[in-house]
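>>> Give me a 3D structure for the following:
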Amino acid sequence: MILQQKHTALLQEAERRGATGIAPLRLCLQMLSLATAIDDDCAARLAPFGLSEGKFVMLFLLQGQAEGLSPHELAERAGVSRATVTGLLDGLERDGFLARQGGLADRRKIRVLLSAKGAAMAQDLFARHTTWISTLFSGLSETEQQTLTGLLARVWRNTDAGKAAS
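Okay, the predicted model is just below:
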């Protein structure tokens, strides 16, 4: 597996310094390089549609929500700040993918709904995206995928986030 240049430099420097535990360091850097490659591929697949991963997530969360969702609900579900959601929604609204509607009884209660264009885009991109993701793991058997899932979960439990979730 090819490491990103920065990861190769870190590994080489650790080896030069005679650090022990190089194998786990290499594994970590390989996972980071893989995650970056997947992120880069995702961005390249969404860019022709004028979407970032964040905008794609908003479309996906709104898909099938006939009553829409509030910006607060979107922020909570996506795990981002309200300010981030506001910026994403501004761009999606400007591009005609969604509309914000004020509540009838309380105009402060805003609901976000997909436009017909947004709903079609969400459906199409979700299908494309899941097919692409499936190809990433097509070389692994179902048993290997389950093993990988278990191994990643074990590593995750050693992170600060994993320990906090326990």
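>>> what about the strands in this protein?
For the chain, applying DSSP state E gives strands covering 98-102, 110-114.
>>> who does the last one touch, helix- and strand-wise?
Looking back up the chat, that one is strand 110-114. Other elements packing on strand 110-114 under the criterion 3 or more CB pairs under 8 Å, 6 or more residues apart in numbering; DSSP states H and E are helix 53-62, helix 71-78, strand 98-102. Quick note: C-beta positions are derived from backbone N, CA and C, even for glycine.
>>> run the last query once more with 10 Å
helix 53-62, helix 71-78, helix 82-94, strand 98-102, helix 116-136 (3 or more CB pairs under 10 Å, 6 or more residues apart in numbering; DSSP states H and E).
>>> Dump those to a markdown table, plus mean pLDDT and mean neighbour count.
Formatted as a markdown table, the helices and strands packed on strand 110-114 follow (pLDDT from 0 to 100; neighbours: other CB atoms under 10 Å):
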| stretch | mean pLDDT | mean neighbour count |
| --- | --- | --- |
| helix 53-62 | 96 | 20 |
| helix 71-78 | 96 | 17 |
| helix 82-94 | 96 | 16 |
| strand 98-102 | 91 | 16 |
| helix 116-136 | 95 | 14 |
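>>> want to throw those into a markdown table with distance to residue 39?
Below are those laid out as a markdown table (distance: least, CB to CB, whole Å):
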| stretch | distance to residue 39 |
| --- | --- |
| helix 53-62 | 8 |
| helix 71-78 | 16 |
| helix 82-94 | 17 |
| strand 98-102 | 24 |
| helix 116-136 | 12 |
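>>> Scan this structure for its longest helix.
Assignment by DSSP state H gives helix 22-46 as the longest helix of the chain.
>>> Which of the residues in that one are classified as buried?
The neighbour-count check on helix 22-46 (16 or more other CB atoms under 10 Å) flags 25-26, 29-30, 33, 42, 45-46 as buried.
>>> Tell me which residue is most central in this structure.
Against the mean C-alpha coordinate of the chain, by CA atoms, centre = their mean, the closest residue is residue 53 at 6.1 Å.
>>> What distance do you get for that residue to residue 147?
The gap separating residue 53 from residue 147 is 27 Å, by CB to CB, to the nearest Å.
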